[in-house]
Every structure is written in C-alpha cells, then in structure tokens.
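Trainee: need a structure here:
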Amino acid sequence: MSTRRRSTGSPTGLARKEVIVRAAAKVFAEKGFSNATVRDIADEADMLSGSLYYYFDSKEAMVEEVLAGYLDVTVRGYQRAADELEDPVEALRELISLALHGLVQYRAEVTILQNDWHNIRPIESIGRRQRDVEKIWLSTLERGIAANVFRSDLDVRMVYRTLMGAIQAVIRWFDPRGKVSVDDVIEVQSSILLDGIRNSR
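Mentor: Okay, here's the model as predicted:
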C-alpha cells in the first residue's frame, strides 16, 4: 500500500479529504469550475496547494467527488419515489418535491451543475448519473401518459427539460432564510407544473 493511500484512508486523511471537498464545492460554486484554481481551493481549506494532490490528482477529480455524492443521494431518492408510488401523479409530485429540497440542501452542487455543465459533462461518471436522473423522470412521465393522466400530445423529453428548468431556476431567487419556505415553493410549483401536463378528462 502506498503512503498516499495510507494517508487518505486513515481517519485523519478522510477528515482532511472532506474538508477539501467542502472547500472545492464552495469555490467551484462561487468562481466557476474553469476560473477556480487549486490554490483557491487550498486557501479555502486552509491547506498548502501541494497537499491537495495527496488526495486528488486534478481539479476534475475534485469536482467529480463533489458532485458524485449529491447525485448518488438524488438518484436513490428519485428511484425510491418512482418505485414506491404507483400513482404517476403522486410519483411526479414527489420527484418535484425531492428536487426542490435537494436544491436547498445542495445549493453549491446544483449551482456547479447549472453553471458549468458544458465543462463537467465529459466526466463519464457525472454524465452517467445525470442520465440515471433523466431516465427516472422520463419513465414516470411515460407511466402517466400510459395511464392517461398526463397529456400525450407533448414531447416527453421536452416536458422533462421544461420541468427541470422551472425547478432549477428557483435557485436564482429562493432565500431559505426568507419568509417563503421551500414547502411553499413546492406547493406552488407542483400545482403549476402538474396542471400544465395533466390530462383533462
């Protein structure tokens, strides 16, 4: 076993790695992936720049670590909702709720994905996780169309992108310390978005 692996696998090493990940998330969200430097992250983590290379080989490896945790939690939550809720309307309502709660809890990660997707997309593991997200949402929408509760005259992929666009735009104006709670946002968005695609019978 190499010295590098011993240092990063020890309790101290894992704790320091977590500090770096949190610092990288903050710096990437504030400065953008392209503009951020390893020195910026090291300064935020209160470490020497060279020390970061004991834990990560590159900036790409850092952003991958930052986003993988968030996306793994997100995919598991979405999949559980899709599997457990038989009613497609309720399943989609829960997906919207999870997406909005995730936006608040993982604000930095969502900001990075939004602002730097063109730079991050080539990272295979991130692209794969994003495809998993899309697959769950599309299958839920298709299930609703098959059950005749969602409109069939709309392109399902465009519907998905419209829903996600509306949800992700919330990060631009929502203040978790303000008078409007995330549950208020969920109620309004669920009503508007679901009514827009619900099949009127």
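Trainee: C-alpha only now, for contacts and for neighbours.
Mentor: Noted.
Trainee: give me the low-pLDDT residue ranges for this structure?
Mentor: Scanning the chain with the threshold set as pLDDT under 70 gives 1-13, 201.
Trainee: same thing but at 80, please
Mentor: Confidence mapping of the chain against pLDDT under 80 gives the ranges 1-14, 200-201.
Trainee: May I ask you to name the longest helix in it?
Mentor: With secondary structure taken from DSSP state H, the chain has its longest helix at helix 59-84.
Trainee: List the buried residues in the next helix or strand after that helix.
Mentor: Downstream of helix 59-84, the first helix or strand assigned by DSSP states H and E is helix 88-105. With burial defined by 16 or more other Cα atoms under 10 Å, the residues of helix 88-105 counted as buried are 88-89, 91-104.
Trainee: ok, those vs E44, which is closest?
Mentor: Lowest distance from E44 to the buried residues of helix 88-105 (Cα to Cα) belongs to V104, with 21.9 Å.
Trainee: quick one: that closest one from I112, how far?
Mentor: Distance from V104 to I112, counting by Cα to Cα, to the nearest Å: 14 Å.
Trainee: same check, this time on L154
Mentor: 30 Å.
Trainee: out of these two, which sits in the more crowded spot?
Mentor: A direct count of neighbours by other Cα atoms under 10 Å for L154 and I112 places I112 higher, at 24 against 11.
Trainee: and that one, what does it touch?
Mentor: When contacts are counted by Cα atoms under 8 Å, 6 or more residues apart in numbering, I112 touches 25, 28-29, 32-33.
Trainee: most neighbours, which of these?
Mentor: Most surrounded of the contacts of I112: other Cα under 10 Å gives F28, at 27 neighbours.
Trainee: pretty sure that residue is touching D40, no?
Mentor: No: assessed by Cα atoms under 8 Å, F28 is found out of contact with D40, at 9.4 Å.
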